[in-house]
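> coords please:
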Amino acid sequence: MRSIRGTSWFFVLAMALACWMGLLGSLRGAAEAGVIASHGGGDLRAEDLSKMQEFLEGKVVLQMLVDYGVSPEEAMAKIRSMNDRDLHRLASLTDRVAAGADGLGLAIGLAVLVILILLILMLANKRVVVR
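Numbering: from 1, shown residues only. Prediction:
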């Protein structure tokens with residue numbers, strides 16, 4: 001049996017691709033640069049403050065603040081005194097925390113994982129015994 005490299009179609013295809021890549025590499029495009037306007041510092045700070053206010057009004061967060069001996073008013077005053085960069089970083093972290101805070105997503109994910117494992121085992125003719 002002949003190897004694949006000995007065939008003529010492989011050589012023709014390799015040469016065609018090499019020529020095509022050479023042609024594409026020789027073409028040059030124009031690069032353009034420009035300044036992108038920001039979203040506005042005042043509006044962004046107001047959004048971050050409102051996002052933090054909503055986060056601090058949550059039942060779980062209020063209870064944790066009380067447990068640690070911090071009143072919600074003190075926490076909001078501290079947040080208002082933060083600089084813009086730190087406030088934005090904290091507000092973006094609250095989005096991640098709020099997304100998985102209820103635990104329902106974790107429970108559904110685990111249930112789907114268990115069902116998927118059981119289905120794979122059954123399709124592989126394996127026996128699942130729970131004692």
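
> what ranges does this structure have for its helices?
Here the chain has its helices, by DSSP state H, at 8-26, 41-56, 59-67, 72-80, 84-99, 104-123.

> would you turn those helices into CSV with distance to Ala33?
Any C-beta I mention is one placed from the backbone N, CA and C, and that applies to glycine too. Conversion of the helices of the chain to CSV gives the following (distance: least, C-beta to C-beta, whole Å):
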stretch, distance to Ala33
helix 8-26, 23
helix 41-56, 23
helix 59-67, 43
helix 72-80, 37
helix 84-99, 25
helix 104-123, 42
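
> confidence-wise, which of these is weakest overall?
For the helices of the chain, the weakest mean pLDDT is recorded on helix 104-123, namely a mean of 71.

> quick one: pLDDT of Val70?
Val70 is given a pLDDT of 78.

> how many neighbours does it have?
Look at Val70: counted by other C-beta atoms under 10 Å, it has 12 neighbours.

> how many neighbouring residues does Leu87 have?
Neighbour tally, Leu87, other C-beta under 10 Å: 19.

> span of stretch 73-86 from start to end?
19 Å (C-alpha to C-alpha, to the nearest Å).

> what sits up against it?
41, 44-45, 48-49, 52-53, 56, 65, 87, 90 (C-beta atoms under 8 Å, 6 or more residues apart in numbering).

> kindly recompute the last result at 10 Å.
With contact meaning C-beta atoms under 10 Å, 6 or more residues apart in numbering, stretch 73-86 is reached by 41-42, 44-45, 48-49, 52-53, 55-57, 61-62, 65, 68, 70-71, 87-91.

> domain parsing for the chain?
With domains defined by automatic domain parsing, the chain comprises 41-99, 102-131.

> check the offset of the longest one from the chain's centre.
Read it as domain 41-99. Put simply, domain 41-99 sits 21 Å off its chain's centre (C-alpha atoms, centre = their mean, to the nearest Å).

> give me the distance between Arg127 and Leu118.
11 Å (C-beta to C-beta, to the nearest Å).

> thanks again, I'm all set now.
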